[in-house]
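Novice: coordinates only, sequence not included:
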């Protein structure tokens, strides 16, 4: 689930995610979350190939690879991210 409480819309927002099992890296993937509308919460669905949900111990938002709003490319978008999880899997940055 992606919540954008701000007034900026994002036409690109690509995350570099690292998926850990019980302590080692299981997968690394890039996911595109855009279009992200302002003052809107939405759900983005993506598959983590060949990885069972129960095998995931931690997900790290390693970086934001590409971030773009109406004015163009935006730097330091990782600083705009706040992470939380309602599951036993930790989501961190």
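Specialist: It's in. All figures in this text were calculated on a predicted structure; none of them were measured in a lab. Numbers count the residues shown, from 1 in each chain.

Novice: switch to C-alpha atoms for all contacts and neighbour counts from now on
Specialist: Will do.

Novice: Looking at residue 54 now. What's its pLDDT?
Specialist: Turning to residue 54, the model gives it a pLDDT of 89.

Novice: And for it, the neighbour number?
Specialist: Counted by other CA atoms under 10 Å, the residues lying close to residue 54 total 9.

Novice: same question, residue 63
Specialist: Using other CA under 10 Å, residue 63 is surrounded by 18 other residues.

Novice: hang on, it packs against residue 17?
Specialist: Yes - using CA atoms under 8 Å, residue 63 is in contact with residue 17, at 7.4 Å.

Novice: other SSEs contacting the stretch of helix or strand residue 17 belongs to?
Specialist: Element membership for residue 17 (DSSP states H and E) is strand 10-20. If you count contacts as 3 or more CA pairs under 8 Å, 6 or more residues apart in numbering; DSSP states H and E, strand 10-20 packs onto strand 25-32, strand 58-69.

Novice: Which parts of the first one count as buried, going by neighbours?
Specialist: In this case it means strand 25-32. When neighbours are counted by 16 or more other CA atoms under 10 Å, the buried residues of strand 25-32 are found to be 26-27, 31-32.

Novice: and which of those is nearest residue 49?
Specialist: The shortest approach to residue 49 among the buried residues of strand 25-32 belongs to residue 27, at 8.8 Å (CA to CA).

Novice: Please name the nearest non-neighbouring residue to the closest one.
Specialist: On the basis of CA to CA, 6 or more residues apart in numbering, the spatially nearest residue to residue 27 that is not a chain neighbour turns out to be residue 19, at 5.0 Å.
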